[in-house]
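Undergrad: 3D model of this:
(chains A and B)
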Protein chains: 2
Amino acid sequence: MKISSIGGEFALIERIKKKSKLYSEGVIGGIGDDAAVLAYDKQCFLLFTTDMLVENDHFSLEYFTPEQVGMKAIEQNVSDIAAMGGLPKYAVISLALPSNADVEFIDGLYRGINTKSKKYKISIVGGNITHSKEIVVNVAMIGFVEKNNLALRNGAKIGDLIFCSGNVGKSTAGLELIRNKLKGESIKNHLEPECRLELARKLVKIGINSMIDVSDGAASEVRHICDESKVGAMIYADRIPISKNTINDAKKINKDPLDFALYGGEDFELVFTADKNKLNKLKKYDVKVIGEIVNKKHGIKLAKNNKKLNLESGFDHFKRIRV
Amino acid sequence: MKISSIGGEFALIERIKKKSKLYSEGVIGGIGDDAAVLAYDKQCFLLFTTDMLVENDHFSLEYFTPEQVGMKAIEQNVSDIAAMGGLPKYAVISLALPSNADVEFIDGLYRGINTKSKKYKISIVGGNITHSKEIVVNVAMIGFVEKNNLALRNGAKIGDLIFCSGNVGKSTAGLELIRNKLKGESIKNHLEPECRLELARKLVKIGINSMIDVSDGAASEVRHICDESKVGAMIYADRIPISKNTINDAKKINKDPLDFALYGGEDFELVFTADKNKLNKLKKYDVKVIGEIVNKKHGIKLAKNNKKLNLESGFDHFKRIRV
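TA: Sure, this is the predicted structure:
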């Protein structure tokens, strides 16, 4: 039975989640959020996450420098820690390299890793190197979060406003330009994405109800929050924040930038929900209201051109190959 | 410049170690041991490690069941935690799968992961799934060790006895049988290696000076201890513990079982050093004295057939491909 026949990546994660039992104490939150939440001390939880970059799936050295691969590998893990409301601290790195790999690739990769480690105050404390046909860079990261700052996917409440930070669709716009051998501002968003650690820390201190990072498109992230929180959502297409650059670059290839925003990946922005009474405090920051949490029975809907559509899922590695 | 031209895998790790700076507090031990040692509480350190299995490098589905792949992925990480004297507790898993991957593979893999998680009381608390040409299974693991039970590679002292647990060379003997399409007891040692967590815990409570797990051959592990402890070693070839099965199976393919023991990989036994006054207590367990720690100026030597040879290094992923 093929993975696609059970519903792809997200169905597979659900299947694994059901099969995985806990055999140790201290698990506050396991599979199903951006990072695991583990007992630590009176004040803090420990956060634990991992993410992998695979050559020809997440990047190609035809347009990524080794340094950019290293930066992205750290950035996507920090984004997971940020989405929990925490701060990253330690990482270990597994590398699989083809036998003809250059030392210059390693040097560049680690330059990128070090640049981001310095930025986010992370120590690289271990790893391993092995052999493969394609380059694989896996990062596992430990972070910490004060208990009252913890943000989960499952905290959304009916009546919450749904917010999105910055703007979305930019990374996919960049990827599409690269695929079509065109130039544009979005390319940098794909090659050098930046997560929103600093913003996330401000949001959790104001007090939000749920949060997730945008790694598979805003639609997918809203769906994850709804699934985990057992609620529905109404999203307004005209409120999804999309930058002028993304709109311009999508035009060049006759694509709808809204599709990039909803169903593209790797923007590393934040989707979160908060009570309406937090709006005044939250709107001081780089965030936009994109919808509202509703009762589960109303489903997850997208209001577009005066129609209510069912919101599709996000990027699925087993339905579409990235590069 | 190719990796092989700077001296292969171990030279590369040394190069990465030099380039990696620490940007956060609490790092007791970083790159260069079986696991990182991080500040935790008054009694314990936190241990953090990661290890990757790559299809056609570490395993082939022609002779590994998916369940065995899952078991080995956990076992090799638990072995790293064991070698530090600690106990494993949490793990996250990254999977990269070809687009034609079967759900049955995933089910089998997780059956293996769960079997070992139950055995070692580990909770699988997260992970991610992505796409690749070959199957990649990366495990990152957190464990804990009481401060006085911590065992490092760098604690060996001149005059220490060097010990090896169980018997070594068995996994490589099994792999060679498989390659030669022969049968033999060693095959199970390759497909279902077992690490020495329980034994390691007993050893650290007796009081040893240094320890490492046997993942790249006993010779390589002695070398790592010597490098980190800035000492030399004298190893006696006739004392290296090799089982009758390994000897029999090596005969079938006209290979020297000592080569498997010294330069093969993935036995997940323990090499450790301890003061001579611990010998009486230690010899109650499944361990053998294989040599002695000497002054660095004497180098790392192998006494064999009344000759003193320089001990070569162990398995290097960039010099030889496994399967």
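
Undergrad: which residues does residue A:272 bridge with?
TA: Beta-bridge partners for residue A:272, by DSSP bridges, are residue A:163, residue A:211.

Undergrad: That one: what's it in contact with?
TA: A:151, A:162, A:163, A:165, A:203, A:208, A:209, A:210, A:211, A:212, A:287 (Cβ atoms under 8 Å, 6 or more residues apart in numbering or on different chains). (C-beta placed from N, C-alpha, C; glycine too.)

Undergrad: Tell me who's in contact with the residue most central in space within chain A.
TA: Closest residue to the average C-alpha location of chain A: residue A:215 at 2.8 Å, with Cα atoms, centre = their mean. If you count contacts by Cβ under 8 Å, 6+ apart, residue A:215 has them with A:76, A:79, A:221, A:265, A:266, A:267, A:268.

Undergrad: one step back: which one among the contacts of residue A:272 gets closest to chain B?
TA: Chain B has its nearest neighbour among the contacts of residue A:272 in residue A:212, at 13.9 Å by Cβ to the nearest Cβ.

Undergrad: now the contacts of residue A:272 as CSV including neighbour count and pLDDT?
TA: Listed next are the contacts of residue A:272 as CSV, based on neighbours: other Cβ atoms under 10 Å in any protein chain shown; pLDDT from 0 to 100:
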residue, neighbour count, pLDDT
A:151, 25, 98
A:162, 26, 98
A:163, 24, 98
A:165, 24, 98
A:203, 25, 98
A:208, 25, 98
A:209, 21, 98
A:210, 26, 98
A:211, 29, 98
A:212, 28, 98
A:287, 25, 98
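
Undergrad: who in the stretch 101-250 of chain A is up against chain B?
TA: Residues of the stretch 101-250 of chain A found near chain B (Cβ under 8 Å from any Cβ of the partner chain) are A:101-104, A:106-107, A:110-111, A:113-114, A:117-118, A:120-134, A:136, A:138, A:140, A:142.

Undergrad: Got a ChimeraX select line for the buried ones in the residues you listed?
TA: In ChimeraX, this line selects whichever of these come out buried by 16 or more other Cβ atoms under 10 Å in any protein chain shown:
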select /A:101,102,103,106,107,110,113,114,117,120,122,123,124,125,126,127,128,129,130,131,132,133,134,136,138,140,142
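
Undergrad: Can you tell me which of the residues of the stretch 101-250 of chain A next to chain B end up in helices?
TA: Among those, the residues falling in helices (DSSP state H) are A:103, A:104, A:106, A:107, A:110, A:111, A:113, A:114, A:117, A:118, A:120.

Undergrad: Apart from its neighbours in sequence, what residue is nearest the fifth one?
TA: It refers to residue A:110. Nearest residue to residue A:110 in three dimensions, chain neighbours excluded: residue B:19, at 4.9 Å (Cβ to Cβ, 6 or more residues apart in numbering or on different chains).

Undergrad: ok, now which ones touch the one you found?
TA: Neighbouring residues of residue B:19 by Cβ under 8 Å, 6+ apart: A:107, A:110, A:111, A:114.

Undergrad: which one among those residues gets closest to residue A:65?
TA: Taking Cβ to Cβ as the measure, residue A:65 lies nearest residue A:111 of the contacts of residue B:19, at 9.3 Å.

Undergrad: Name the nearest residue to that closest one, ignoring sequence neighbours.
TA: For residue A:111, ignoring the flanking residues on the chain, the nearest one in space by Cβ to Cβ, 6+ apart is residue A:67 at 5.0 Å.

Undergrad: any idea which of the contacts of residue A:272 is closest to residue A:10?
TA: residue A:212 (13.2 Å).

Undergrad: any idea how far the closest one lies from residue A:225?
TA: Separation of residue A:212 from residue A:225 (Cβ to Cβ, to the nearest Å) stands at 6 Å.

Undergrad: For those two, list the residues in contact with both.
TA: Shared contacts of residue A:212 and residue A:225, defined by Cβ under 8 Å, 6+ apart, comprise A:153, A:271.

Undergrad: In contact with residue A:171, which residues?
TA: A:186, A:189, A:190, A:193, A:264, A:265, A:266, A:267, A:268 are the contacts of residue A:171 under Cβ under 8 Å, 6+ apart.

Undergrad: Need those in JSON lines (columns: distance to residue A:147, neighbour count and secondary structure).
TA: Converted to JSON lines, those look like this (distance: Cβ to Cβ, whole Å; neighbours: other Cβ atoms under 10 Å in any protein chain shown; DSSP: H, G, I helix; E, B strand; the rest coil):
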{"residue": "A:186", "distance to residue A:147": "39", "neighbour count": "29", "secondary structure": "helix"}
{"residue": "A:189", "distance to residue A:147": "34", "neighbour count": "25", "secondary structure": "helix"}
{"residue": "A:190", "distance to residue A:147": "36", "neighbour count": "27", "secondary structure": "helix"}
{"residue": "A:193", "distance to residue A:147": "29", "neighbour count": "23", "secondary structure": "coil"}
{"residue": "A:264", "distance to residue A:147": "34", "neighbour count": "29", "secondary structure": "coil"}
{"residue": "A:265", "distance to residue A:147": "31", "neighbour count": "23", "secondary structure": "coil"}
{"residue": "A:266", "distance to residue A:147": "30", "neighbour count": "25", "secondary structure": "coil"}
{"residue": "A:267", "distance to residue A:147": "29", "neighbour count": "34", "secondary structure": "coil"}
{"residue": "A:268", "distance to residue A:147": "25", "neighbour count": "26", "secondary structure": "coil"}
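
Undergrad: Adding pLDDT, write these out as TSV.
TA: Listed next are those as TSV, based on pLDDT from 0 to 100:
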residue	pLDDT
A:186	97
A:189	97
A:190	97
A:193	97
A:264	90
A:265	86
A:266	93
A:267	96
A:268	97
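
Undergrad: ok, the residues you listed vs chain B, which is closest?
TA: Chain B has its nearest neighbour among these in residue A:265, at 10.9 Å by Cβ to the nearest Cβ.

Undergrad: Could you tell me the phi and psi values at the closest one?
TA: Phi and psi for residue A:265, reported as degrees, to the nearest 10, are phi -130, psi 170.

Undergrad: That one and residue A:274, how far apart?
TA: Residue A:265 is 24 Å from residue A:274, by Cβ to Cβ.

Undergrad: just residue A:199 next, same as before
TA: Applying Cβ to Cβ to residue A:199 and residue A:274 gives a distance of 13 Å.

Undergrad: Help me see whether stretch A:36-47 makes contact with chain B, please.
TA: Yes. Stretch A:36-47 comes into contact with chain B (Cβ under 8 Å from any Cβ), by way of A:36, A:38, A:41, A:46.

Undergrad: Helices of chain A, start to end?
TA: A:9-19, A:66-83, A:103-120, A:170-179, A:186-191, A:197-206, A:218-229, A:244-252, A:257-263, A:279-282.
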